[in-house]
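Colleague: fold the following and give me the result.
(chains A and B, ligands or ions: 1)
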Amino acid sequence: MSFASKSPWLIHYDGSSCNGCDIEVLACLTPVYDVERFGVINTGNPKHADIFLITGGINKQNEEVVKQIYDQMPSPKVVVAVGACACNGGIFKECYNIMGGVDKVLPVDIYVSGCAARPEAIIDGVVKAVALLDEKSKSISQGR
Amino acid sequence: MSARSIVPFGPQHPVLPEPIHLDLVLEDETVIEAIPSIGFVHRGLEKLVEKKDFQDYVYVAERICGICSFIHGMGYCSAIESTMGIEVPRRAEYLRTIWGEMSRIHSHLLWLGLLADAFGFESLFMQSWKLREKILDMFEMTTGGRVIFSVNQIGGVKRDMDSDTLKLFIKIFDDMKKELTALTKAFLNDYSVNTRLKGVGILTKEKAHELGAVGPMMRSSGIEIDTRKLGYSAYNELDFQVITSPVGDSYARTEVRINEIFQSIEIIRQAAQKIPDTELSLVVKGFPSGEYFMRAEQPRGEAIYYVKGNGTKFLDRVRVRTPTFANLPSMLEVLKGCQLADVPTLILTIDPCISCTER
Ligand code: SF4
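Modeller: Modelled structure (predicted):
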(Lines give C-alpha, C1' and ligand atoms only; values in the text may rest on other atoms or scores of the structure.)
Protein backbone atom coordinates (compact mmCIF):
# COMPACT_ATOMS: atom_id res chain seq x y z
CA MET A 1 0.00 0.00 0.00
CA SER A 2 1.73 3.17 -1.09
CA PHE A 3 -0.91 5.56 0.12
CA ALA A 4 -3.70 5.40 2.63
CA SER A 5 -7.05 5.00 0.93
CA LYS A 6 -8.84 6.39 3.93
CA SER A 7 -8.30 8.75 6.82
CA PRO A 8 -8.98 6.37 9.65
CA TRP A 9 -10.55 7.80 12.78
CA LEU A 10 -9.90 5.97 15.94
CA ILE A 11 -11.40 5.71 19.36
CA HIS A 12 -9.28 4.85 22.34
CA TYR A 13 -10.49 3.18 25.50
CA ASP A 14 -8.41 2.40 28.53
CA GLY A 15 -9.43 -1.03 29.81
CA SER A 16 -7.45 -1.63 32.94
CA SER A 17 -4.08 -0.48 31.79
CA CYS A 18 -1.39 1.02 33.97
CA ASN A 19 -1.46 4.19 31.86
CA GLY A 20 1.87 3.36 30.28
CA CYS A 21 0.34 2.27 26.99
CA ASP A 22 -2.29 4.97 27.27
CA ILE A 23 0.13 7.83 27.27
CA GLU A 24 2.02 6.21 24.44
CA VAL A 25 -1.18 6.16 22.39
CA LEU A 26 -1.58 9.85 23.15
CA ALA A 27 2.09 10.45 22.35
CA CYS A 28 1.36 9.13 18.84
CA LEU A 29 -1.04 12.02 18.36
CA THR A 30 1.29 14.78 19.49
CA PRO A 31 4.29 16.36 17.66
CA VAL A 32 7.32 14.03 17.12
CA TYR A 33 5.07 11.11 16.09
CA ASP A 34 2.07 13.07 14.91
CA VAL A 35 -0.20 10.54 13.23
CA GLU A 36 -2.61 13.28 12.27
CA ARG A 37 -0.44 13.86 9.21
CA PHE A 38 -1.79 10.51 7.96
CA GLY A 39 -5.32 11.69 8.56
CA VAL A 40 -5.70 9.75 11.79
CA ILE A 41 -7.92 11.54 14.26
CA ASN A 42 -8.64 10.50 17.80
CA THR A 43 -12.38 10.87 18.24
CA GLY A 44 -14.36 10.53 21.42
CA ASN A 45 -17.45 9.35 19.62
CA PRO A 46 -17.77 5.63 18.82
CA LYS A 47 -20.11 6.38 15.93
CA HIS A 48 -17.37 8.30 14.14
CA ALA A 49 -14.70 5.68 14.60
CA ASP A 50 -13.25 3.05 12.30
CA ILE A 51 -10.56 1.70 14.55
CA PHE A 52 -10.96 0.73 18.18
CA LEU A 53 -7.72 0.93 20.16
CA ILE A 54 -7.85 -0.76 23.53
CA THR A 55 -5.14 -0.69 26.16
CA GLY A 56 -5.20 -2.85 29.26
CA GLY A 57 -6.94 -6.07 30.16
CA ILE A 58 -10.60 -6.79 30.67
CA ASN A 59 -12.35 -7.02 34.02
CA LYS A 60 -15.96 -7.50 35.06
CA GLN A 61 -16.55 -3.78 35.41
CA ASN A 62 -15.32 -2.64 32.01
CA GLU A 63 -16.47 -5.66 30.00
CA GLU A 64 -19.86 -4.07 29.27
CA VAL A 65 -18.31 -0.69 28.46
CA VAL A 66 -15.97 -2.20 25.89
CA LYS A 67 -18.76 -4.22 24.29
CA GLN A 68 -21.01 -1.17 24.14
CA ILE A 69 -18.41 0.97 22.42
CA TYR A 70 -17.77 -1.83 19.93
CA ASP A 71 -21.47 -2.25 19.19
CA GLN A 72 -21.91 1.47 18.61
CA MET A 73 -19.18 1.60 15.99
CA PRO A 74 -20.39 1.28 12.39
CA SER A 75 -19.08 -1.57 10.22
CA PRO A 76 -16.47 -2.13 8.91
CA LYS A 77 -14.42 -1.80 12.06
CA VAL A 78 -11.07 -3.03 13.28
CA VAL A 79 -10.05 -3.79 16.84
CA VAL A 80 -6.45 -3.20 17.85
CA ALA A 81 -5.17 -4.48 21.20
CA VAL A 82 -2.27 -2.29 22.37
CA GLY A 83 0.25 -3.60 24.87
CA ALA A 84 0.88 -6.87 26.63
CA CYS A 85 -2.07 -6.32 28.96
CA ALA A 86 -4.55 -5.96 26.12
CA CYS A 87 -3.04 -8.91 24.26
CA ASN A 88 -3.29 -11.47 27.04
CA GLY A 89 -3.39 -9.80 30.44
CA GLY A 90 0.34 -9.15 30.57
CA ILE A 91 1.94 -8.71 33.94
CA PHE A 92 -1.49 -8.57 35.58
CA LYS A 93 -2.62 -11.86 34.11
CA GLU A 94 -2.70 -13.57 37.50
CA CYS A 95 -4.59 -10.78 39.25
CA TYR A 96 -7.96 -11.82 40.60
CA ASN A 97 -9.75 -9.02 38.82
CA ILE A 98 -8.33 -9.56 35.34
CA MET A 99 -10.22 -11.88 33.02
CA GLY A 100 -7.50 -11.73 30.40
CA GLY A 101 -6.83 -9.92 27.16
CA VAL A 102 -9.33 -8.06 25.01
CA ASP A 103 -9.96 -11.16 22.91
CA LYS A 104 -11.93 -12.58 25.82
CA VAL A 105 -14.83 -10.31 24.83
CA LEU A 106 -14.16 -8.87 21.37
CA PRO A 107 -12.75 -10.24 18.11
CA VAL A 108 -9.29 -8.68 18.06
CA ASP A 109 -7.78 -8.12 14.61
CA ILE A 110 -4.36 -6.77 15.45
CA TYR A 111 -2.12 -7.31 18.43
CA VAL A 112 0.52 -4.72 19.27
CA SER A 113 3.03 -6.12 21.72
CA GLY A 114 5.26 -4.37 24.20
CA CYS A 115 5.10 -3.23 27.77
CA ALA A 116 4.76 -0.39 27.23
CA ALA A 117 4.03 -0.61 23.49
CA ARG A 118 6.26 1.84 21.68
CA PRO A 119 4.66 4.58 19.56
CA GLU A 120 6.34 3.16 16.45
CA ALA A 121 4.69 -0.19 17.10
CA ILE A 122 1.32 1.43 17.72
CA ILE A 123 1.55 3.39 14.46
CA ASP A 124 2.52 0.20 12.68
CA GLY A 125 -0.56 -1.47 14.14
CA VAL A 126 -2.78 1.36 12.95
CA VAL A 127 -1.32 1.18 9.44
CA LYS A 128 -2.08 -2.55 9.35
CA ALA A 129 -5.56 -1.78 10.61
CA VAL A 130 -6.14 0.59 7.67
CA ALA A 131 -5.22 -2.13 5.19
CA LEU A 132 -7.57 -4.51 6.94
CA LEU A 133 -10.29 -1.89 6.92
CA ASP A 134 -9.96 -1.69 3.12
CA GLU A 135 -10.33 -5.43 2.81
CA LYS A 136 -13.33 -5.50 5.09
CA SER A 137 -15.13 -2.71 3.25
CA LYS A 138 -14.46 -4.43 -0.08
CA SER A 139 -16.02 -7.64 1.09
CA ILE A 140 -18.99 -5.72 2.47
CA SER A 141 -19.55 -3.87 -0.83
CA GLN A 142 -19.37 -7.15 -2.69
CA GLY A 143 -22.10 -8.40 -0.43
CA ARG A 144 -20.03 -11.08 1.20
CA MET B 1 -36.25 25.76 42.60
CA SER B 2 -35.64 24.54 39.13
CA ALA B 3 -35.80 20.89 38.21
CA ARG B 4 -32.85 18.68 38.88
CA SER B 5 -31.35 16.46 36.28
CA ILE B 6 -28.56 13.93 36.33
CA VAL B 7 -25.90 13.89 33.65
CA PRO B 8 -23.63 10.87 33.41
CA PHE B 9 -19.96 11.63 32.76
CA GLY B 10 -17.67 8.82 31.58
CA PRO B 11 -16.34 6.18 31.84
CA GLN B 12 -15.35 6.73 28.23
CA HIS B 13 -14.94 10.47 27.85
CA PRO B 14 -12.81 12.45 25.41
CA VAL B 15 -11.29 14.63 28.11
CA LEU B 16 -9.78 11.88 30.18
CA PRO B 17 -7.66 9.12 28.78
CA GLU B 18 -8.69 7.07 31.78
CA PRO B 19 -12.09 5.76 32.81
CA ILE B 20 -13.91 7.27 35.73
CA HIS B 21 -17.64 7.66 36.02
CA LEU B 22 -19.42 10.58 37.65
CA ASP B 23 -23.10 11.23 38.06
CA LEU B 24 -23.48 14.98 37.97
CA VAL B 25 -26.60 16.29 39.68
CA LEU B 26 -27.50 19.53 37.94
CA GLU B 27 -29.80 22.40 38.65
CA ASP B 28 -29.91 24.24 35.35
CA GLU B 29 -26.23 24.59 34.50
CA THR B 30 -24.93 24.38 38.04
CA VAL B 31 -23.54 21.20 39.52
CA ILE B 32 -25.12 20.48 42.90
CA GLU B 33 -23.35 17.27 43.59
CA ALA B 34 -21.02 14.81 41.90
CA ILE B 35 -21.29 11.13 42.73
CA PRO B 36 -18.32 9.06 41.60
CA SER B 37 -18.26 5.39 40.82
CA ILE B 38 -14.91 3.78 40.25
CA GLY B 39 -13.48 0.33 39.72
CA PHE B 40 -13.03 0.24 35.96
CA VAL B 41 -9.26 -0.11 36.25
CA HIS B 42 -9.07 -2.24 39.36
CA ARG B 43 -6.67 -5.12 38.83
CA GLY B 44 -5.94 -6.26 42.35
CA LEU B 45 -2.20 -6.03 42.01
CA GLU B 46 -1.54 -5.79 45.75
CA LYS B 47 -2.52 -9.41 46.02
CA LEU B 48 0.04 -10.37 43.40
CA VAL B 49 2.68 -10.39 46.18
CA GLU B 50 1.46 -13.87 46.94
CA LYS B 51 2.47 -15.06 43.49
CA LYS B 52 5.55 -13.00 42.68
CA ASP B 53 8.54 -12.88 45.00
CA PHE B 54 9.68 -9.60 46.50
CA GLN B 55 12.35 -9.01 43.85
CA ASP B 56 10.01 -9.64 40.93
CA TYR B 57 7.37 -7.49 42.51
CA VAL B 58 9.44 -4.40 41.64
CA TYR B 59 8.16 -4.81 38.07
CA VAL B 60 4.58 -4.91 39.27
CA ALA B 61 5.11 -1.89 41.53
CA GLU B 62 6.38 0.08 38.55
CA ARG B 63 3.20 -0.74 36.71
CA ILE B 64 0.88 0.61 39.37
CA CYS B 65 0.88 3.60 37.08
CA GLY B 66 2.75 4.34 33.88
CA ILE B 67 3.07 8.06 34.51
CA CYS B 68 4.70 8.00 37.92
CA SER B 69 6.16 4.57 37.30
CA PHE B 70 9.67 5.42 38.44
CA ILE B 71 8.74 6.75 41.86
CA HIS B 72 6.43 3.80 42.47
CA GLY B 73 9.32 1.46 41.85
CA MET B 74 11.59 3.54 44.04
CA GLY B 75 9.06 3.77 46.88
CA TYR B 76 8.56 0.04 46.93
CA CYS B 77 12.31 -0.67 46.79
CA SER B 78 13.07 1.81 49.58
CA ALA B 79 10.41 0.25 51.78
CA ILE B 80 11.84 -3.24 51.28
CA GLU B 81 15.39 -1.96 51.75
CA SER B 82 14.39 -0.44 55.08
CA THR B 83 12.90 -3.68 56.36
CA MET B 84 16.07 -5.51 55.40
CA GLY B 85 18.36 -2.84 56.83
CA ILE B 86 20.11 -2.23 53.51
CA GLU B 87 22.09 0.97 53.15
CA VAL B 88 21.76 1.89 49.46
CA PRO B 89 24.93 3.32 47.85
CA ARG B 90 24.80 7.12 47.65
CA ARG B 91 25.25 7.25 43.91
CA ALA B 92 22.17 5.09 43.50
CA GLU B 93 20.23 7.47 45.75
CA TYR B 94 21.34 10.43 43.66
CA LEU B 95 20.41 8.69 40.44
CA ARG B 96 17.01 7.87 41.88
CA THR B 97 16.57 11.52 42.76
CA ILE B 98 17.50 12.65 39.26
CA TRP B 99 15.19 10.17 37.55
CA GLY B 100 12.48 10.98 40.08
CA GLU B 101 12.68 14.68 39.31
CA MET B 102 12.68 13.98 35.59
CA SER B 103 9.49 11.99 36.15
CA ARG B 104 8.00 14.99 37.90
CA ILE B 105 8.83 17.27 34.98
CA HIS B 106 7.36 14.90 32.43
CA SER B 107 4.27 14.32 34.52
CA HIS B 108 3.62 18.02 35.05
CA LEU B 109 4.10 18.73 31.34
CA LEU B 110 1.69 15.93 30.54
CA TRP B 111 -0.82 17.46 32.90
CA LEU B 112 -0.38 20.94 31.46
CA GLY B 113 -1.09 19.50 28.03
CA LEU B 114 -4.22 17.69 29.15
CA LEU B 115 -5.43 20.81 30.92
CA ALA B 116 -4.93 22.87 27.77
CA ASP B 117 -6.85 20.22 25.85
CA ALA B 118 -9.66 20.38 28.41
CA PHE B 119 -10.16 24.10 27.96
CA GLY B 120 -9.85 23.75 24.23
CA PHE B 121 -6.41 25.20 23.53
CA GLU B 122 -5.17 22.56 21.16
CA SER B 123 -1.84 24.10 20.17
CA LEU B 124 -0.85 24.62 23.80
CA PHE B 125 -1.56 20.93 24.35
CA MET B 126 0.76 20.04 21.49
CA GLN B 127 3.48 22.41 22.69
CA SER B 128 3.46 20.93 26.19
CA TRP B 129 3.68 17.40 24.86
CA LYS B 130 6.40 18.38 22.44
CA LEU B 131 8.53 19.53 25.35
CA ARG B 132 7.68 16.38 27.23
CA GLU B 133 9.08 14.25 24.42
CA LYS B 134 12.53 15.69 25.17
CA ILE B 135 12.36 14.30 28.69
CA LEU B 136 11.26 10.95 27.31
CA ASP B 137 14.26 10.97 24.97
CA MET B 138 16.49 11.55 27.98
CA PHE B 139 14.85 8.66 29.76
CA GLU B 140 15.36 6.47 26.74
CA MET B 141 19.01 7.45 26.58
CA THR B 142 19.68 6.49 30.17
CA THR B 143 17.27 3.65 30.85
CA GLY B 144 16.19 2.28 27.49
CA GLY B 145 12.51 2.83 28.15
CA ARG B 146 10.19 5.73 27.46
CA VAL B 147 7.57 5.27 30.15
CA ILE B 148 8.44 2.10 32.04
CA PHE B 149 12.11 1.95 32.95
CA SER B 150 12.81 -0.96 35.27
CA VAL B 151 16.06 0.57 36.52
CA ASN B 152 15.23 0.19 40.19
CA GLN B 153 16.11 -2.94 42.03
CA ILE B 154 16.26 -3.87 45.67
CA GLY B 155 19.64 -2.57 46.81
CA GLY B 156 20.17 0.15 44.24
CA VAL B 157 19.80 0.89 40.54
CA LYS B 158 20.77 -1.05 37.46
CA ARG B 159 22.16 1.68 35.22
CA ASP B 160 24.48 4.60 35.57
CA MET B 161 24.72 8.06 34.02
CA ASP B 162 28.25 9.14 33.27
CA SER B 163 29.40 12.72 33.72
CA ASP B 164 29.10 13.50 30.00
CA THR B 165 25.46 12.45 30.03
CA LEU B 166 24.79 14.58 33.07
CA LYS B 167 26.45 17.58 31.44
CA LEU B 168 24.40 17.03 28.30
CA PHE B 169 21.23 16.86 30.38
CA ILE B 170 21.99 20.14 32.10
CA LYS B 171 22.47 21.72 28.70
CA ILE B 172 19.19 20.29 27.39
CA PHE B 173 17.43 21.64 30.45
CA ASP B 174 18.97 25.07 29.95
CA ASP B 175 17.69 25.16 26.39
CA MET B 176 14.35 23.87 27.49
CA LYS B 177 13.91 26.69 29.98
CA LYS B 178 13.36 29.18 27.17
CA GLU B 179 10.55 27.15 25.72
CA LEU B 180 9.18 26.55 29.18
CA THR B 181 9.09 30.26 29.84
CA ALA B 182 7.12 30.82 26.65
CA LEU B 183 4.73 28.06 27.70
CA THR B 184 4.39 29.61 31.14
CA LYS B 185 3.37 32.91 29.58
CA ALA B 186 0.56 31.27 27.68
CA PHE B 187 -0.72 29.46 30.76
CA LEU B 188 -0.42 32.29 33.24
CA ASN B 189 -0.87 35.49 31.23
CA ASP B 190 -3.18 34.64 28.36
CA TYR B 191 -6.52 36.40 28.74
CA SER B 192 -8.80 33.55 27.67
CA VAL B 193 -6.84 30.97 29.62
CA ASN B 194 -7.16 33.16 32.69
CA THR B 195 -10.91 33.33 32.36
CA ARG B 196 -11.04 29.54 32.52
CA LEU B 197 -8.73 29.23 35.51
CA LYS B 198 -8.94 32.26 37.76
CA GLY B 199 -11.41 31.99 40.60
CA VAL B 200 -12.61 28.60 39.40
CA GLY B 201 -12.82 25.68 41.79
CA ILE B 202 -11.58 27.33 44.95
CA LEU B 203 -10.42 25.02 47.71
CA THR B 204 -9.79 26.89 50.95
CA LYS B 205 -6.95 26.07 53.27
CA GLU B 206 -9.35 24.74 55.92
CA LYS B 207 -11.15 22.53 53.43
CA ALA B 208 -7.91 21.22 51.98
CA HIS B 209 -6.83 20.28 55.48
CA GLU B 210 -10.15 18.75 56.40
CA LEU B 211 -10.41 16.68 53.21
CA GLY B 212 -6.83 15.50 53.40
CA ALA B 213 -5.63 16.89 50.09
CA VAL B 214 -2.04 16.14 49.13
CA GLY B 215 0.59 17.39 46.73
CA PRO B 216 0.16 20.43 44.48
CA MET B 217 -3.58 20.38 45.25
CA MET B 218 -2.80 21.05 48.91
CA ARG B 219 0.17 23.33 48.35
CA SER B 220 -1.84 25.62 46.12
CA SER B 221 -4.27 26.07 49.00
CA GLY B 222 -1.46 27.46 51.11
CA ILE B 223 -0.38 24.40 53.10
CA GLU B 224 3.36 23.98 53.15
CA ILE B 225 3.99 20.24 53.14
CA ASP B 226 6.27 18.36 50.79
CA THR B 227 7.38 14.84 51.67
CA ARG B 228 10.65 15.38 49.83
CA LYS B 229 11.57 17.51 52.83
CA LEU B 230 11.69 14.30 54.89
CA GLY B 231 15.00 13.79 53.17
CA TYR B 232 14.66 10.35 51.59
CA SER B 233 16.99 9.46 48.71
CA ALA B 234 19.37 12.37 48.24
CA TYR B 235 16.92 15.14 49.11
CA ASN B 236 18.52 15.72 52.52
CA GLU B 237 21.63 17.01 50.79
CA LEU B 238 19.84 19.19 48.28
CA ASP B 239 18.54 22.67 48.80
CA PHE B 240 15.02 23.57 47.73
CA GLN B 241 12.00 25.46 48.99
CA VAL B 242 8.45 24.13 49.15
CA ILE B 243 6.35 25.93 46.55
CA THR B 244 2.95 27.14 47.68
CA SER B 245 0.25 29.58 46.68
CA PRO B 246 -2.40 30.97 49.00
CA VAL B 247 -5.30 31.27 46.55
CA GLY B 248 -6.53 27.71 45.99
CA ASP B 249 -8.13 28.10 42.56
CA SER B 250 -7.31 26.33 39.29
CA TYR B 251 -4.93 29.12 38.39
CA ALA B 252 -2.93 28.64 41.59
CA ARG B 253 -2.69 24.93 40.94
CA THR B 254 -1.36 25.58 37.45
CA GLU B 255 1.12 28.09 38.82
CA VAL B 256 2.39 25.75 41.52
CA ARG B 257 2.92 22.93 39.07
CA ILE B 258 4.73 25.15 36.58
CA ASN B 259 7.02 26.44 39.31
CA GLU B 260 7.69 22.89 40.37
CA ILE B 261 8.99 22.12 36.89
CA PHE B 262 11.57 24.88 37.23
CA GLN B 263 12.35 23.71 40.75
CA SER B 264 12.92 20.14 39.57
CA ILE B 265 15.39 21.40 36.98
CA GLU B 266 17.32 23.16 39.75
CA ILE B 267 17.27 20.03 41.92
CA ILE B 268 18.67 17.97 39.05
CA ARG B 269 21.37 20.57 38.48
CA GLN B 270 22.43 20.40 42.15
CA ALA B 271 22.31 16.61 42.18
CA ALA B 272 24.44 16.43 39.04
CA GLN B 273 27.09 18.54 40.75
CA LYS B 274 27.09 16.68 44.04
CA ILE B 275 26.72 13.11 42.82
CA PRO B 276 29.36 10.94 44.55
CA ASP B 277 31.26 8.13 42.93
CA THR B 278 30.21 4.88 44.57
CA GLU B 279 28.99 1.57 43.29
CA LEU B 280 25.43 1.34 42.00
CA SER B 281 23.92 -1.54 43.82
CA LEU B 282 24.44 -3.98 46.65
CA VAL B 283 23.99 -7.71 46.49
CA VAL B 284 20.95 -8.55 48.51
CA LYS B 285 20.98 -11.59 50.74
CA GLY B 286 18.14 -12.93 52.82
CA PHE B 287 14.46 -12.12 52.83
CA PRO B 288 12.54 -9.18 54.20
CA SER B 289 10.86 -9.46 57.56
CA GLY B 290 9.01 -6.86 59.58
CA GLU B 291 7.05 -3.97 58.26
CA TYR B 292 7.71 -0.46 57.01
CA PHE B 293 5.88 2.63 55.84
CA MET B 294 7.63 4.61 53.13
CA ARG B 295 6.41 8.07 52.18
CA ALA B 296 7.44 9.55 48.87
CA GLU B 297 6.43 12.66 46.97
CA GLN B 298 4.89 11.76 43.65
CA PRO B 299 4.17 14.46 41.07
CA ARG B 300 0.58 14.25 42.30
CA GLY B 301 1.37 14.30 45.99
CA GLU B 302 2.32 12.08 48.84
CA ALA B 303 2.19 8.34 48.24
CA ILE B 304 2.53 5.77 51.01
CA TYR B 305 4.01 2.32 50.53
CA TYR B 306 3.46 -0.24 53.21
CA VAL B 307 5.22 -3.60 53.10
CA LYS B 308 5.13 -6.48 55.53
CA GLY B 309 7.53 -9.37 55.18
CA ASN B 310 7.57 -12.69 56.98
CA GLY B 311 11.10 -13.90 56.39
CA THR B 312 10.26 -15.80 53.20
CA LYS B 313 10.58 -14.61 49.63
CA PHE B 314 6.87 -13.86 49.43
CA LEU B 315 5.64 -10.80 51.28
CA ASP B 316 2.60 -10.89 53.52
CA ARG B 317 1.19 -7.62 52.37
CA VAL B 318 1.83 -4.62 50.17
CA ARG B 319 -0.38 -1.60 50.42
CA VAL B 320 -0.13 1.58 48.39
CA ARG B 321 -2.04 4.75 49.19
CA THR B 322 -1.78 6.91 46.11
CA PRO B 323 -2.17 10.68 45.91
CA THR B 324 -5.18 10.72 43.60
CA PHE B 325 -7.10 8.63 46.10
CA ALA B 326 -6.38 11.24 48.76
CA ASN B 327 -7.39 14.04 46.41
CA LEU B 328 -10.75 12.63 45.28
CA PRO B 329 -12.73 14.23 48.16
CA SER B 330 -11.24 17.60 47.26
CA MET B 331 -12.22 17.08 43.63
CA LEU B 332 -15.84 16.39 44.63
CA GLU B 333 -15.70 19.49 46.80
CA VAL B 334 -14.54 21.83 44.03
CA LEU B 335 -17.09 20.35 41.63
CA LYS B 336 -19.95 21.45 43.88
CA GLY B 337 -21.43 24.67 42.64
CA CYS B 338 -19.42 24.86 39.43
CA GLN B 339 -20.82 25.28 35.94
CA LEU B 340 -21.28 22.16 33.81
CA ALA B 341 -18.81 23.53 31.26
CA ASP B 342 -16.10 23.72 33.92
CA VAL B 343 -16.41 20.08 34.94
CA PRO B 344 -13.62 18.77 32.66
CA THR B 345 -11.07 21.34 33.81
CA LEU B 346 -12.00 20.78 37.44
CA ILE B 347 -11.64 17.02 37.17
CA LEU B 348 -8.23 17.57 35.65
CA THR B 349 -7.26 20.09 38.27
CA ILE B 350 -6.33 17.36 40.76
CA ASP B 351 -4.23 15.67 38.08
CA PRO B 352 -6.20 12.45 38.40
CA CYS B 353 -4.46 9.16 37.92
CA ILE B 354 -7.16 6.54 38.06
CA SER B 355 -4.95 3.56 37.53
CA CYS B 356 -2.98 4.48 40.68
CA THR B 357 -6.16 4.98 42.62
CA GLU B 358 -7.70 1.66 41.79
CA ARG B 359 -4.54 -0.40 41.42
S1 SF4 C 1 1.29 -3.53 28.69
FE2 SF4 C 1 2.65 -2.76 30.32
S3 SF4 C 1 2.73 -0.55 30.00
FE4 SF4 C 1 0.99 -1.32 28.83
S5 SF4 C 1 -0.76 -1.08 30.19
FE6 SF4 C 1 0.04 -3.16 30.50
S7 SF4 C 1 1.47 -2.98 32.21
FE8 SF4 C 1 1.09 -0.93 31.45
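
Colleague: let me see the contact set for the residue lying closest to B:Ser69 once chain neighbours are set aside.
Modeller: In space, and not counting its chain neighbours, B:Ser69 is closest to B:Glu62: 4.8 Å by CB to CB, 6 or more residues apart in numbering or on different chains. All C-beta atoms are positioned from the backbone trio N, CA, C, and that covers glycine. Going by CB atoms under 8 Å, 6 or more residues apart in numbering or on different chains, B:Glu62 touches B:69-70, B:72-73, B:148-150, B:152.

Colleague: out of the residues you listed, show me where the pLDDT dips lowest.
Modeller: Here the lowest pLDDT out of the contacts of B:Glu62 sits on B:Ser150, with 82.

Colleague: give me the element that one is part of.
Modeller: Per DSSP states H and E: B:Ser150 is located in neither a helix nor a strand.

Colleague: quick check: B:Met72 is in a strand.
Modeller: One correction, residue B:72 is His, not Met. No: applying DSSP: H, G, I helix; E, B strand; the rest coil, one finds B:His72 to be helix, outside a strand.

Colleague: quick one: neighbours of it, just the number.
Modeller: 28 (other CB atoms under 10 Å in any protein chain shown).

Colleague: same deal with the one 5 residues further on?
Modeller: When counting by other CB under 10 Å, one arrives at 28 neighbours for B:Cys77.

Colleague: verify the stated contact: it with B:Val58.
Modeller: Yes: using CB atoms under 8 Å as the test, B:Cys77 is close enough to B:Val58 to be in contact (6.2 Å).

Colleague: shared neighbours, these two?
Modeller: Common neighbours of B:Cys77 and B:Val58 (CB under 8 Å, 6+ apart) are B:152-154.

Colleague: want to throw the residues you listed into CSV with neighbour count?
Modeller: Converted to CSV, the shared contacts of B:Cys77 and B:Val58 look like this (neighbours: other CB atoms under 10 Å in any protein chain shown):
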residue, neighbour count
B:Asn152, 29
B:Gln153, 18
B:Ile154, 21
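
Colleague: those also near the ligand: which ones?
Modeller: Filtering the shared contacts of B:Cys77 and B:Val58 for proximity to the ligand (criterion: CB under 6 Å from any ligand atom) leaves nothing.

Colleague: any idea which of those is closest to chain A?
Modeller: B:Asn152 (15.3 Å; CB to the nearest CB).

Colleague: could you pull up the residues touching the closest one?
Modeller: B:58, B:62, B:70, B:73-74, B:76-77, B:96, B:158.

Colleague: mind redoing it with 7 Å?
Modeller: By CB atoms under 7 Å, 6 or more residues apart in numbering or on different chains, the residues touching B:Asn152 are B:58, B:73-74, B:77.

Colleague: swap in B:Gly156?
Modeller: The contact partners of B:Gly156, by CB under 7 Å, 6+ apart, come to B:88-89, B:92, B:280-282.

Colleague: tell me how many other residues crowd the closest residue to it other than its chain neighbours.
Modeller: Closest residue to B:Gly156 apart from its sequence neighbours, by CB to CB, 6+ apart: B:Ser281 at 2.9 Å. By the criterion of other CB under 10 Å, B:Ser281 has 17 neighbours.

Colleague: how far off centre is stretch B:241-248?
Modeller: Distance, stretch centre to chain centre, for stretch B:241-248: 17 Å (CA atoms, centre = their mean, to the nearest Å).

Colleague: buried stuff in it?
Modeller: Within stretch B:241-248, the residues scored as buried using 16 or more other CB atoms under 10 Å in any protein chain shown are B:243-245, B:247-248.

Colleague: again, but for stretch A:100-116
Modeller: A:100-103, A:105-106, A:108-116.

Colleague: then stretch B:309-317?
Modeller: Buried residues in stretch B:309-317 (16+ other CB under 10 Å): B:309, B:315.

Colleague: what about that stretch, how long is it end to end?
Modeller: The first residue of stretch B:309-317 is 7 Å away from its last residue (CA to CA, to the nearest Å).

Colleague: from the chain's centroid, how far away is that stretch?
Modeller: The answer for stretch B:309-317 is 28 Å, by CA atoms, centre = their mean.

Colleague: from the contacts of B:Glu62, which would you call buried?
Modeller: Judged by 16+ other CB under 10 Å, buried ones among the contacts of B:Glu62: B:69-70, B:72-73, B:148-150, B:152.

Colleague: quick check, nearest of those residues to the ligand?
Modeller: B:Ile148 (5.3 Å; CB to the nearest ligand atom).

Colleague: how far away is the closest one from chain A?
Modeller: 5 Å (CB to the nearest CB, to the nearest Å).

Colleague: cool, and B:Gly286?
Modeller: 26 Å.

Colleague: for the contacts of B:Asn152, work out which two are farthest apart.
Modeller: Farthest pair in the contacts of B:Asn152 (CB to CB) is B:Val58 and B:Met74. Separation: 9.6 Å.

Colleague: quick check: phi and psi on the residue nearest to B:Asn310 when sequence neighbours are not counted?
Modeller: Counting by CB to CB, 6+ apart, B:Asp316 is the residue found nearest to B:Asn310 once chain neighbours are left out, at 5.0 Å. The phi/psi pair for B:Asp316 (degrees, to the nearest 10) reads phi -80, psi -40.

Colleague: ditto for the one 10 residues further on
Modeller: Here is the backbone geometry of B:Ala326 (degrees, to the nearest 10): phi -70, psi -20.

Colleague: residue contacts, it?
Modeller: B:212-214, B:301.

Colleague: which among the residues you listed count as buried?
Modeller: The buried subset of the contacts of B:Ala326 - by 16+ other CB under 10 Å - is B:213-214, B:301.

Colleague: adding pLDDT and distance to chain A, write these out as JSON lines.
Modeller: Converted to JSON lines, the buried ones among the contacts of B:Ala326 look like this (pLDDT from 0 to 100; distance: CB to the nearest CB, whole Å):
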{"residue": "B:Ala213", "pLDDT": "85", "distance to chain A": "22"}
{"residue": "B:Val214", "pLDDT": "87", "distance to chain A": "19"}
{"residue": "B:Gly301", "pLDDT": "86", "distance to chain A": "16"}
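
Colleague: centroid-nearest residue for chain A?
Modeller: Nearest residue to the geometric centre of chain A (CA atoms, centre = their mean): A:Leu53, 1.8 Å.

Colleague: part of a strand, is that one?
Modeller: Yes: if the criterion is three-state DSSP, then A:Leu53 is within a strand.

Colleague: neighbour count: B:Val58 and B:Met74, which is higher?
Modeller: Each of B:Val58 and B:Met74 has its neighbours counted (other CB under 10 Å); B:Met74 has more, 28 against 21.
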